[in-house]
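Chemist: What shape does this take:
(one chain, ligands or ions: 2)
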Amino acid sequence: MRITKLTTYAVPPRWMFLKIETDEGVVGWGEPVIEGRARTVEAAVHELSDYLIGHDPSRINDLWQVMYRAGFYRGGPILMSAIAGIDQALWDIKGKVLGRPVYELLGGLVRDKMKVYSWVGGDRPADVIRDIKRLREGGFDTFKMNGTEELAIVDSARKVDEAVARIAEIREAFGNDIEFGIDFHGRVAAPMAKPLLRALEPYRPLFVEEPVLAEQAEQYPRLAEHTSIPLAAGERMYSRFDFKRVFQAGGISIVQPDLSHAGGITECFKIASMAEAHDVAFAPHCPLGPVALASCLAVDFVSHNAVLQEQSMGIHYNQGAELLDFVKNAEDFHIENGFIQPLGKPGLGVEIDEERVIEAAKNPPDWRNPVWRHADGSVAEW
Ligand SMILES: O=C(O)[C@H](O)[C@@H](O)[C@@H](O)[C@H](O)CO
Ligand SMILES: [Mg+2]
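Modeler: Ligands and ions are numbered 1, 2, ... in the order given. The predicted model follows:
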C-alpha cells in the first residue's frame, strides 16, 4: 500500500480535517490544527507530505521519526500539530486495514468506559451555576471553567476575591456532589498564582490547570509546595521532550497533552507512559473536533493513568458547528452518566461525513482568539 494524496479541509468552528488517501482505496482522517493558526498548520501538513506521498502508511513509527527529525528544526505547536494530524490519519488507516480499533493495536482496553468532563462558563466565567445545572441533567458531574478574566502580573485582592467568590458559589450550590477543574488559562502570572491557589484551597477544586504559562514551568514545583490542589498542565507542551523536564522537576499531578498538538497518538501514548512512571495522571486536552477526541480516547483506553477526558460538546468556542456535526456515527459518541464507551469500529472509530466536510470547507471561518488588554492598554493573556 502507498500514500497517494493529502487533502485538508478548514471547517467551522475552528477545526482542520486531514484526509489521507492510499492506492488501495483505504482512507484515514486526522485533525491537524492549532486553534487560531489553522492555515499555518495546514501549510506545514502539505510541506510534510513530501515525506509521505509514495510511502507505506503502515510504517507509522518511521514516518513519525522522519517528519520529526528530517527537517532539522523540530517541536513547537505548528510542526507538532501537523505531525499529530498526519499520525492520527495513519493510525486510522492501519486500523481499517487490519479491521481493528486503534486501542486494540495498542494492546487492548484497560477500562470499560472513560470519564469525560464538560466546560462551563465561557471566556468570562459567568452563568456557571446555570450551565452546571443544565449539564447535570445530562448526567455530567465533572466540569471545568476559567478561573479569572484579565489579571495583571500583580493584581488586587478584589480580583482574587471575585475569582474565589465564583468558586465558593459553586460549592455552596452543589457541595461535593460535583467536581470541577479551574483553568487559569495562562492568565495568571507567578506572583498571583500563590495568592489565588491559597484562596481557592478551602473549595478543593479537582485541579487547577495551567497555574502559570508553560514557559514558566520551573514554577510548578514551587507552586506545588505551596498548595494541596493538584496542578495540571500540558496543552502548550508538544512532545516527550517538553514533558520530560516537567516530570523531572515535579509539581504537576495531571498532564494534559493535546492529541492534535503533541505529535498525535504515537507521541501521546509515550507521554502517557512517561507520566505513569512518575505517578502522574493523564487527562488529554481536547476542545476540538471528533477525530481529535477519538484519538484521545484511543490512548485513554489503553493507559492505566488516564483519569479524565475533555470533550467539546457545548464548549463556548463551538460557534457554527458542534462536536458531532461532521460525524455519521454520532451514536457511538454517546455520553452516559459522564462516561463514554470505547469507539469499537476499525481505525479511530469515526465515520466522517465527507460531503458535510466538503460543503463546510467552502466558506470556513478563520477563527482567532480575542486580543485582550488591561485597563492600562497593555496586552493581557487571554
Ligand atoms: O482547557 C482548554 O480547553 C483550553 O485552555 C482552551 O480553552 C484553549 O486551548 C483554547 O482552545 C485555545 O484557543
Ligand atoms: Mg486549558
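Chemist: make it CA atoms for all contacts and neighbour counts henceforth
Modeler: Noted.
Chemist: Just give me the longest helix of the protein.
Modeler: Secondary structure of the chain per DSSP state H: the longest helix is helix 77-98.
Chemist: So the closest residue to ligand 1 within the stretch 1-150 of the chain, which state does it fall into?
Modeler: Residue nearest to ligand 1 within the stretch 1-150 of the chain: Glu35 (4.7 Å; C-alpha to the nearest ligand atom). Classification of Glu35 using DSSP: H, G, I helix; E, B strand; the rest coil returns coil.
Chemist: How about the contacts made by it?
Modeler: Going by C-alpha atoms under 8 Å, 6 or more residues apart in numbering, Glu35 touches 14-15, 367-369.
Chemist: ok, 7 Å please
Modeler: Residues near Glu35 by C-alpha atoms under 7 Å, 6 or more residues apart in numbering: Arg14.
Chemist: Please renumber the chain so that the first residue is 25 from this point on.
Modeler: Right, with 25 as the first residue, what we last looked at is Glu59.
Chemist: on that earlier part again, tell me which other helices or strands the longest helix of the chain touches.
Modeler: Under the contact criterion of 3 or more C-alpha pairs under 7 Å, 6 or more residues apart in numbering; DSSP states H and E, helix 101-122 touches strand 51-54, helix 62-72, helix 288-301.
Chemist: burial measure for the residue in the stretch 75-224 of the chain positioned nearest to ligand 1, as a count.
Modeler: Going by C-alpha to the nearest ligand atom, ligand 1 is nearest to His209 of the stretch 75-224 of the chain, at 5.2 Å. By other C-alpha atoms under 10 Å, the residues close to His209 number 22.
Chemist: follow-up on the earlier one: confidence score at the residue of the stretch 25-174 of the chain closest to ligand 1?
Modeler: What the model reports as pLDDT for Glu59 is 97.
Chemist: any idea how far it is from Pro37?
Modeler: Separation of Glu59 from Pro37 (C-alpha to C-alpha, to the nearest Å): 10 Å.
Chemist: Need the pLDDT of Glu173.
Modeler: What the model reports as pLDDT for Glu173 is 93.
Chemist: Quick one: distance of stretch 327-340 to the chain centre.
Modeler: Averaged C-alpha coordinates place stretch 327-340 at 8 Å from its chain's average position (C-alpha atoms, centre = their mean, to the nearest Å).
Chemist: Quick check: end-to-end length of stretch 199-209?
Modeler: End-to-end distance (C-alpha to C-alpha), stretch 199-209: 25 Å.
Chemist: What of stretch 369-379?
Modeler: Terminal residues of stretch 369-379 are spaced 20 Å apart (C-alpha to C-alpha).
Chemist: Show me which positions of it end up buried.
Modeler: Under the neighbour-count criterion of 16 or more other C-alpha atoms under 10 Å, stretch 369-379 has 369-376 buried.
Chemist: same question, stretch 347-363
Modeler: 347-351, 353, 356-357, 359, 362-363.
Chemist: What is the helix or strand encompassing Phe198 packed up against?
Modeler: Phe198 belongs to helix 181-198 when elements are defined using DSSP states H and E. Applying 3+ C-alpha pairs under 7 Å, 6+ apart, we find helix 181-198 packed against helix 214-224.
Chemist: For the helix it packs on, list every residue counted as buried.
Modeler: Neighbour-count burial for helix 214-224 [16+ other C-alpha under 10 Å]: 214, 216-218, 220-221, 224.
Chemist: quick check: angle from it to helix 181-198?
Modeler: 30 degrees (axes from the mean of the first three to the mean of the last three C-alpha atoms, to 10 degrees).
Chemist: Contacts for helix 214-224 next, please.
Modeler: With C-alpha under 7 Å, 6+ apart as the test, helix 214-224 has contacts from 177-178, 184, 188, 235-236, 247, 251.
Chemist: picking that back up, would you check that the residue of the stretch 75-224 of the chain closest to ligand 1 makes contact with Glu234?
Modeler: Yes: His209 is in contact with Glu234 according to C-alpha atoms under 7 Å; the separation is 5.6 Å.
Chemist: What residues sit buried inside stretch 331-340?
Modeler: Of all the residues in stretch 331-340, those buried under the rule 16+ other C-alpha under 10 Å are 332-339.
Chemist: Can you tell me the SS state at the residue of the stretch 75-224 of the chain closest to ligand 1?
Modeler: Under three-state DSSP, His209 comes out as coil.
Chemist: List phi and psi for it.
Modeler: With angles defined as degrees, to the nearest 10, His209 sits at phi 60, psi 20.
Chemist: check contacts around it.
Modeler: Contacts of His209 (C-alpha under 7 Å, 6+ apart): 170, 233-234.
Chemist: how does it look with 8 Å?
Modeler: 170-171, 233-237, 406.
Chemist: Of those, which is the nearest to Asp303?
Modeler: The shortest approach to Asp303 among these belongs to Glu233, at 17.6 Å (C-alpha to C-alpha).
Chemist: residue contacts, the closest one?
Modeler: Glu233 sits next to 205-209, 255-257 when contact means C-alpha under 8 Å, 6+ apart.
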